[in-house]
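Novice: just coords:
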């Protein structure tokens, strides 16, 4: 029996590739877009978020049976199109949870202690004469929106800082709230000194942070988003910053990426930016690559999918009409 042909479209570790090569014929694309690749013989795709799976790409891959994305997000995949074709799809939800949680905290600390401004002051030889006072986190309240793999880790770190932790997640069962007191969204925003977002992008979460929710957010709170840019209404966030409602904002994700140079958010010195790097650590890449490779092998060996898409979760609704 011939080996199935697997196309790897993006960064992938040698260890994971070697694992696949024992049972599969491996091809690597020149670019993540696969715009000029011959997909006619490909039976499986291993991708990351830079590879957009749509009807046009699928039409070029008549033998395609399986797609696995080495990421926890999956909004780069048209799941209706794959379902129509009968193609199985999987994701890698465990691989980058630790790295994403750690970046969340890097942004929290940067906002709380003005580390970016402090770095600039030292470089410019102005020392600390113009810095705003930071805040101590110990003794304050941390609000976690979304108690999944990442949000739970963030909550545990907050506890280690000596913070009280509250959480909002209408789809999590009581066991998830071992790390946080369960509260409603409005209550969380009113009582939290720091709030971070760890929710998927769905119809329900689109612009869940907007003018109305920002109005009852505690004044001088810190807000951090490392989930998806569409969770925030960026213009209304900017207006809230102009009014002085927030002490600081940390953003790793944006509606348009790269963030356009004319974005109003760039005009406010209370925003700390990072360029969507929550999963960009060597460990996260290695874990995601290995997790994806194992799922390919399992699919072609048993036909099973460990982490199938669409996810079998209460929060997930059919993407029909979503985009």
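Specialist: Perfect, thanks for sending it. Source: prediction; values computed, not measured.

Novice: Settle this for me: residue 177 is touching residue 166, isn't it.
Specialist: No. Counting by C-beta atoms under 8 Å, residue 177 stays clear of residue 166, with 9.5 Å between them. Heads up, the C-betas are built off the backbone N, CA and C, glycines and all.

Novice: neighbour-wise, which of the two wins?
Specialist: Per other C-beta atoms under 10 Å, whichever of residue 177 and residue 166 has more neighbours is residue 166, with 24 against 18.

Novice: so who does the closest residue in space to residue 135 that isn't next to it in sequence touch?
Specialist: Nearest non-adjacent residue to residue 135, counting by C-beta to C-beta, 6 or more residues apart in numbering: residue 112, 5.1 Å away. Counting by C-beta atoms under 8 Å, 6 or more residues apart in numbering, residue 112 makes contact with 134, 135, 136, 137, 194, 222, 248.

Novice: now residue 112, what's its secondary structure?
Specialist: Here residue 112 is helix, with the state taken from DSSP: H, G, I helix; E, B strand; the rest coil.

Novice: do the same with residue 175
Specialist: At residue 175 the chain is in helix, as set by three-state DSSP.

Novice: and the residue nearest to residue 135, how far is that from residue 37?
Specialist: Here the criterion is C-beta to C-beta, to the nearest Å. By it, residue 112 lies 46 Å from residue 37.

Novice: likewise residue 184?
Specialist: Using C-beta to C-beta, residue 184 is found at 49 Å from residue 37.

Novice: With residue 164 instead?
Specialist: Separation of residue 164 from residue 37 (C-beta to C-beta) stands at 52 Å.

Novice: what do you get for residue 228?
Specialist: Distance from residue 228 to residue 37, by C-beta to C-beta: 28 Å.

Novice: Between those two, which is the more surrounded one?
Specialist: Taking other C-beta under 10 Å, residue 228 and residue 37 do not tie; residue 228 has more neighbours (21 against 18).

Novice: which residues touch the closest residue in space to the more buried one that isn't next to it in sequence?
Specialist: Leaving aside its sequence neighbours, residue 228 sits nearest to residue 201 (C-beta to C-beta, 6+ apart; 4.0 Å). Under the criterion of C-beta under 8 Å, 6+ apart, the contact list for residue 201 reads 73, 75, 227, 228, 230, 231.

Novice: How far off centre is the least confident helix or strand in the chain by mean pLDDT?
Specialist: Across the helices and strands of the chain, mean confidence by mean pLDDT, DSSP states H and E is lowest for helix 115-123: a mean of 92. Averaging C-alpha positions (C-alpha atoms, centre = their mean, to the nearest Å) puts helix 115-123 28 Å from its chain's average.

Novice: if you skip the residues just before and after it, what's nearest to residue 138?
Specialist: residue 162 (3.8 Å).

Novice: swap that for residue 134, please
Specialist: Per C-beta to C-beta, 6+ apart, closest to residue 134 is residue 113, 4.1 Å.

Novice: my guess is that neighbour contacts residue 132, does it?
Specialist: No. Taking contacts as C-beta under 8 Å, residue 113 lies outside contact range of residue 132: 10.1 Å.

Novice: Among these two, which residue is more densely surrounded?
Specialist: Regarding residue 113 and residue 132, a neighbour count based on other C-beta under 10 Å identifies residue 113 as having more, with 17 against 11.

Novice: any idea of the pLDDT on that one?
Specialist: pLDDT for residue 113: 95.

Novice: Strands of the stretch 51-200 of the chain, residue ranges please.
Specialist: 66-69, 88-90, 141-145, 164-168, 181-182, 194-197 (DSSP state E, counting those that start in this stretch).

Novice: What pairs with the first one, parallel or antiparallel?
Specialist: Within its sheet, and counting by DSSP bridges, strand 66-69 is paired with strand 44-47 (parallel), strand 88-90 (parallel).

Novice: Any chance of the ones you listed in a markdown table with mean pLDDT, distance to residue 65 and mean neighbour count as columns?
Specialist: Formatted as a markdown table, these follow (pLDDT from 0 to 100; distance: least, C-beta to C-beta, whole Å; neighbours: other C-beta atoms under 10 Å):
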| stretch | mean pLDDT | distance to residue 65 | mean neighbour count |
| --- | --- | --- | --- |
| strand 44-47 | 98 | 6 | 26 |
| strand 88-90 | 98 | 7 | 21 |
